[in-house]
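Novice: Provided below for reference: sequence and predicted model.
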Amino acid sequence: MAGYRGPDAQRIRAQTTNIFQYAGQTALWQHFVSASGGTPAAGLTNTLYFRETIITALLSNLQQPEGATPAGMLAASRFSVITQERLERDDRLVWNGVDLRIDSDPVTSRITNLWVSEAVRADP
């Protein structure tokens, strides 16, 4: 009789690859590199510099897709983002034309070795 022998790392890796291949969505990852202070007297404001890379991520709403408010129906603003890349707090994602700002420190999943972050809609 076979007993439980712990997680099968090879099987977990294969399942993760399949999940990302069929359920993952592409997003433009803007990885924060540096910023300059600018010179207000010369009309130059703060400038942010990002390195842009296309990644595959699993995104899900942390709340209902739309919510009723006194102003009408509003789209969800908080998302859970699971990636193979480590996203930092100053990073941004552009997904389906929506700008998302990473709003949490990344947490790693022990079993799948993926990074889990929280993102919110960026200010316009």
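Specialist: Structure received.

Novice: from now on I want contacts and neighbour counts done on CA atoms only, so please keep to that.
Specialist: Noted.

Novice: would you map the helices across the chain?
Specialist: Assigned by DSSP state H, the chain shows helices spanning 9-23.

Novice: now do the lengthiest strand in it: distance to the chain's middle.
Specialist: Identified as the longest strand of the chain according to DSSP state E is strand 47-61. Chain-centre distance of strand 47-61: 7 Å, with CA atoms, centre = their mean, to the nearest Å.

Novice: parallel or antiparallel, which strands does it pair with?
Specialist: Within its sheet, strand 47-61 is paired with strand 25-36 (antiparallel), strand 78-83 (antiparallel), according to DSSP bridges.

Novice: of those strands, which shows the lowest average pLDDT?
Specialist: Ranked by mean pLDDT, those end with strand 25-36 in last place, scoring a mean of 84.

Novice: picking up where we left off before, rounded mean pLDDT for the longest strand of the chain, please.
Specialist: Mean predicted confidence for strand 47-61 is 84.

Novice: about what we covered before: tell me which of the strands paired with strand 47-61 is the most buried.
Specialist: Highest mean neighbour count among the strands paired with strand 47-61 (mean count of other CA atoms under 10 Å): strand 78-83, with a mean of 20.

Novice: who touches it?
Specialist: Identification of contacts with strand 78-83 by CA atoms under 8 Å, 6 or more residues apart in numbering yields 55-63, 114-121.

Novice: go again with 10 Å.
Specialist: Contact with strand 78-83 is made by 20, 24, 55-65, 87, 93, 100-103, 106-109, 113-121, as judged by CA atoms under 10 Å, 6 or more residues apart in numbering.

Novice: filter those residues to the buried ones?
Specialist: Neighbour-count burial (16 or more other CA atoms under 10 Å) applied to the contacts of strand 78-83 gives 20, 24, 56-59, 61, 87, 93, 100-103, 106, 108, 114-121.

Novice: pLDDT weak spots in this structure?
Specialist: Along the chain, the model assigns pLDDT under 70 to residues 1-2, 35-48, 62-69, 71-76, 123-124.
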